[in-house]
Each structure stands twice: as structure tokens, then as C-alpha cells.
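**Student:** Mind looking at a prediction? Sequence and model below.
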Amino acid sequence: MPEPIALSVAEVRLRLGGRSVLDGLSLTAAFAAVTAVLGPNGAGKTTLIRCCTGLLRPDSGTISVLGSAPGSAAANDRIGLMPQSAGAWSGVRPGELLTYLAALYVTPLPVTELSAALGIDAFADTPYRRLSGGQQQLVNLAGAVVGRPELVFLDEPTAGLDPHMRHRVWDLVAGLRDAGVAIVLTTHSMEEAEHLADQVVMLDAGRGVASGTVAELTGGSTTLEARFLQLTRPERE
Amino acid sequence: MSALDLRPAAAAAPRTGRIVRHALLEARLVVRNGEQLLLALVIPLALIVGQAFLGGRLGIDANSFVPSVIALGLWSTGFTSLAITTAFERRYGVLERLAATPLRPIDLLLGKALAMVALAVGQAVVLGIAGLLAGWTPRPEGWQYLVVVATVPLALIAFASAALALSGRGSAELTLGLANLIYLIGAAAGVLVPPSLFPGWLQPILSWLPTTALADALRDWAAGAVDAGPVLVTLLWSIAGLLLARKAFRWTS
């Protein structure tokens, strides 16, 4: 039996450059579910992911990734990450990058089929730097899932995508959830959270200010965006 | 998405395979990069060809110049190319992405080292053949083979660790500028121009540079001389470089 909870973050605090970036943050992410993390710019969403992948070490609090410490081999072998920024060599070709990433795993997804599913095959031989922002996003998403992870972190997976590409990504995320994968995604899109999320966590200034299903957060009488504006403040200087 | 079996089945591939795949990708990216190819092969080949045509009139001896050019190629591969590549890997978030894969930090470093060694060997072979075709006639003595076999890897370790220290702390732009500047200084001060051509007070300082030590070892090998001094120099620089890189290197920018 796998652990019911894929990710557990408890009372995590982290200061960077003299500023509190995570301030007692707690959340969990379950298997076969999409956990959407919402928050204004600078709320700590990307920092949270960096702590979960072991790139940053919290000053206090605990994080358990698939029952292991963040950054440990036991955790890193079983997670996938789609970073917010590029995440690829400028001269690498998408097909080449995905084949390389797949080779790091024993039983990866077939690169050809994955590329076809996301429409990457149309530009598989184009250097990464010549791809549009949306095409780069799709390659990054494919790279995050090619190893057949148990837990995937998607940092703003649909930012800047056109509606066709966005729906392609949503289909993949829904497919991952149906297959039992735990998905943690950050987004600024309320539509995306409403469409995909089984659980929503709202962050403000490094703290969790609300969590629950979309229905629980809106109470049937307001919108998710209205609730978000009510609970969070604009990015601080 | 129905054609894809998305059920989780994550497991790391064996370490050797991970390292080799990383080395192959890095080597391919370097070979495809025009600027790096320019430093690694085009400029050194142009120098050898230039020497063949003009060396006699300028008083440049092929027997010391060709090993100097081979040292220059190794210097660019071990330091300049690696520093620039790694700095942009940090800038583009490549290292952040790879941190969440089965590729361990030590796999990444060994993969980089393997790619660098493969490129350096290829470079030395191509430049050596070009030199022989241009009239180079090395006359090595037995013991100097050992000096070269020890000095070349030690020099590459020293260059690579300096490259990682620089690229692991500075911005991509700063690393790009500094790596090229340091490359030119190293090339002029002891690699292409032997220390014996500099003022007397400067010669001992230049002789203690790892770049000069590498070039001296290759020049001595080609000239039939034996001098183990470069082994000590490159050993000290490689130890210092590794300590510095360990302290300075950061995975993310």
C-alpha cells in the first residue's frame, strides 16, 4: 500500500536575503489528486517547490516527499519537476532532451508517444532557444513526466499558453491524476484551479491562508477569484 | 492521452548509464556550439596552419609551437568551455531541473568530466595529426611520457575546478567575460609564449601557473627533455581548485 499522502509540509519557515519567504507554511498533497497552490507573485510558491526538491533547506519545519527527505535519492528518483523558468540547455533539441531524461529511468514513458500526445513531435528537432514560450512549456512538462513519477511539481504549467495548448496540458494533468499520480501545481489562473484542482491551498506572504476544495472555499456564494482577492494581498515591494 | 500508460513506475537507471548519457549529451552540445568549437579546434588549427606557412619567417619553431597549441586547446576545453557551459546551465535552470531526477550531483560532475576527457582526447589527436602534417617532429624521451600522463589529467582537474568555482558563483554574463579574458591571459602568459621569452623576474611566477606547467610538460616531451616540475605544480593547483570549487559552487543562480 502506498502512503496516502504524497507530500507533507509542516510549519516550514525560510528566510532569504533577510526576508521571510515561507512563514510557517503547512500543506499536504494526496495521491491521485491535483493540489493547486495559489498565491500572488512573491507569496512563496516557487520557493516551496525548491524546498520540496531539496534545492533550498528550510530554517525550520519538516517536509516529507513520498515518505523521504527532500533532495534524497529516494525522493528525487520518484518525482518530476516542471520548473517555471526554462530548465533546458539553449541548444538542446526537444527530442534529444526527452530521450536523455528518459534514459535516466528504468521504465520511462515512450518518448515518441509522449511527444505526439503533447504535439512536441512537430518541433522535436528545433533547438530549444528557437521554440516559442508555449512550446518550451510543453517540453518542460514532458520532461517532468517522462520518468513516470509518483509526485509531480508543475510550476505555473500553463502560463503564456494559448487555449489549445492549455487544454492539452490539462488533459495530461487529468490523465496523471486518474493514473494515481499526486500533482502539485502552482498557478495564477483561477480557471485552471477550478478546472483541475481537487484541493486548493492559498498562500499569502509565505503563509497558508486557506485550503479546501473549490466548493468549500467559495461556499457556493462567491467566486474563487473573489475569495483569492479577499484573502491575499498584492506582491510586496 | 489514452494511448499513454501514465501509471507511476519511477526507478533510477543504473549509475554508469546515467553518467554516460549525460557525458554524451554534454559532448554533443559542445561540438554543436560554434563559439566553443572555435576555441577548441578552429583557432588552434589556424595557429598550426599559420605556423606552417609563416613560422620560418617569424622564427617560430614547430617543435615547441605545436605542443603549445595542444596545451591551448586543452586549456580552452578544460576551463573556458566548461565555465561558460556551466554558468548558462545555472542561468537556464538546467541544474535545478536535473536536481529533481535520478542524476545525482556526483553523476553530473562525472558526466561532465567524462565529456571533457573525451573532447580533450579528440582535440589532442586532431591537433597532433595536424601538427605532424605541418612538419612537427617530436622526439620524446621515456620518462617524460610519465610526466605528461600525470600532468594532463591534473591540469584538467585544476582547470575544471576553477571553471566550476567561477561559474558556480558568478552570473552567466560575468562568467562569459571573465572566462574569455582568463583564457587569453593564460594563452599569452606561458602557453603560446614560453616563460623563457618573458623578463627574468616574471619567469618563476609564470612557471607556477597550471597553464604554463601543462604547456611546459608537452614542450619538454616533444623536445626530448625530462622535467617532473609540472606534476607538482598541477597537483597543487588541482588540490586548491577542488577545495575552492567545493566551497564556491552553487547549483542554482
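**Tutor:** Received it, and whenever you're ready, just let me know what you need.
**Student:** Show me what the residue sitting nearest the centre point of chain A is bridged to.
**Tutor:** Residue closest to the average C-alpha location in chain A (Cα atoms, centre = their mean): residue A:154, at 2.0 Å. In this entry, residue A:154 is beta-bridged to residue A:82, residue A:185, by DSSP bridges.
**Student:** Let me know whether it touches residue A:141 as I believe.
**Tutor:** Yes. Assessed by Cβ atoms under 8 Å, residue A:154 is found in contact with residue A:141 at 7.0 Å. The way it works is simple: take the backbone N, C-alpha and C, and place the C-beta from them, glycine included.
**Student:** Verify the assumption that residue A:210 is located in a strand.
**Tutor:** Yes. Judged by DSSP: H, G, I helix; E, B strand; the rest coil, residue A:210 forms part of a strand.
**Student:** Run the contact check for the biggest helix by length in chain A versus chain B.
**Tutor:** Secondary structure of chain A per DSSP state H: the longest helix is helix A:163-178. Yes. Helix A:163-178 comes into contact with chain B (Cβ under 8 Å from any Cβ of the partner chain), by way of A:171-172, A:174-176, A:178.
**Student:** Need these in JSON lines (columns: distance to residue B:100 and pLDDT).
**Tutor:** Output for those, formatted as JSON lines (distance: Cβ to Cβ, whole Å; pLDDT from 0 to 100):
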{"residue": "A:171", "distance to residue B:100": "23", "pLDDT": "93"}
{"residue": "A:172", "distance to residue B:100": "18", "pLDDT": "93"}
{"residue": "A:174", "distance to residue B:100": "22", "pLDDT": "95"}
{"residue": "A:175", "distance to residue B:100": "20", "pLDDT": "95"}
{"residue": "A:176", "distance to residue B:100": "16", "pLDDT": "96"}
{"residue": "A:178", "distance to residue B:100": "23", "pLDDT": "95"}
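**Student:** Report the rounded mean pLDDT for the strand or helix carrying residue B:151.
**Tutor:** Assessed by DSSP states H and E, residue B:151 sits inside helix B:142-167. Mean pLDDT, helix B:142-167: 93.
**Student:** buried set for it?
**Tutor:** Counting neighbours by 16 or more other Cβ atoms under 10 Å in any protein chain shown, one finds that the buried residues in helix B:142-167 are B:144, B:147-148, B:150-167.
**Student:** Report the distance from it to the chain centre.
**Tutor:** The chain centroid and the centroid of helix B:142-167 are separated by 8 Å under Cα atoms, centre = their mean, to the nearest Å.
**Student:** Quick one: name whatever helix or strand follows it.
**Tutor:** helix B:172-186.
**Student:** That following helix relative to helix B:142-167, how many degrees between them?
**Tutor:** 150 degrees (axes from the mean of the first three to the mean of the last three Cα atoms, to 10 degrees).
**Student:** Quick one: name whatever helix or strand follows helix B:172-186.
**Tutor:** helix B:203-207.
**Student:** And that next one, what does it pack against?
**Tutor:** Packing partners of helix B:203-207 (3 or more Cβ pairs under 8 Å, 6 or more residues apart in numbering or on different chains; DSSP states H and E): helix B:210-223.
**Student:** Helix B:172-186 and the helix it packs on, what's the angle between them?
**Tutor:** Going by the same axes, to 10 degrees, helix B:210-223 makes 40 degrees with helix B:172-186.
**Student:** separation between the residue most central in space within chain B and chain A?
**Tutor:** Central residue of chain B (Cα atoms, centre = their mean): residue B:78, 1.7 Å from the mean position. Computed as Cβ to the nearest Cβ, to the nearest Å, the residue B:78 to chain A distance reads 20 Å.
**Student:** Can you give me every residue that contacts that residue?
**Tutor:** B:116, B:120, B:155-156, B:158-160, B:163 (Cβ atoms under 8 Å, 6 or more residues apart in numbering or on different chains).
**Student:** Can you tell me which of the residues of helix A:163-178 next to chain B is closest to residue B:181?
**Tutor:** Among the residues of helix A:163-178 next to chain B, residue A:172 lies closest to residue B:181 (Cβ to Cβ), at 46.0 Å.
**Student:** Is the closest one in contact with residue A:138, as I believe?
**Tutor:** No. Contact criterion Cβ under 8 Å: residue A:172 and residue A:138 do not qualify, at 9.4 Å.
**Student:** Provide a list of residue ranges in chain A with pLDDT below threshold.
**Tutor:** Chain A contains residues with pLDDT under 70 at A:1-3, A:235-237.
**Student:** quick one: the helices in it?
**Tutor:** Ranges of helices in chain A, per DSSP H, are A:45-52, A:73-76, A:94-102, A:111-118, A:133-145, A:163-178, A:190-196, A:214-218, A:224-231.
**Student:** what's the closest of those to residue B:210?
**Tutor:** Of the helices of chain A, nearest to residue B:210 by Cβ to Cβ is helix A:94-102, at 32.1 Å.
**Student:** What are the contacting residues of the closest one?
**Tutor:** Against helix A:94-102 from outside (Cβ under 8 Å, 6+ apart): A:88-89, A:92, A:108-109, A:111, A:114-115, A:120-121, A:123-126, A:128, A:131, A:135, A:139, A:142-143, A:146-147, B:21-22, B:25, B:28, B:101.
**Student:** That one vs helix A:133-145, what angle?
**Tutor:** Using the same axes, to 10 degrees: helix A:94-102 against helix A:133-145 is 20 degrees.
**Student:** tell me how far helix A:94-102 is from the chain's mean position?
**Tutor:** On Cα atoms, centre = their mean, the centre of helix A:94-102 falls 20 Å from that of its chain.
**Student:** Which residues are in contact with the closest residue to residue A:182 other than its chain neighbours?
**Tutor:** Nearest non-adjacent residue to residue A:182, counting by Cβ to Cβ, 6 or more residues apart in numbering or on different chains: residue A:6, 3.4 Å away. Counting by Cβ under 8 Å, 6+ apart, residue A:6 touches A:29-31, A:65-66, A:150-151, A:182.
**Student:** one more time with 10 Å, if that's ok
**Tutor:** By Cβ atoms under 10 Å, 6 or more residues apart in numbering or on different chains, the residues touching residue A:6 are A:28-33, A:35, A:64-67, A:78-79, A:149-152, A:180-184, B:8.
**Student:** Any of the residues you listed buried? List them.
**Tutor:** A:28-33, A:35, A:64-66, A:78-79, A:149-152, A:181-184, B:8.
**Student:** Among these, which lie within strands?
**Tutor:** Assignment to strands by DSSP state E places the following of these there: A:28-30, A:33, A:35, A:64-65, A:79, A:151-152, A:182-184.
**Student:** distance of the residue nearest to residue A:140 when sequence neighbours are not counted from residue A:153?
**Tutor:** Using Cβ to Cβ, 6+ apart and skipping the chain neighbours, the partner closest in space to residue A:140 is residue A:82 (4.7 Å). Separation of residue A:82 from residue A:153 (Cβ to Cβ, to the nearest Å) stands at 7 Å.
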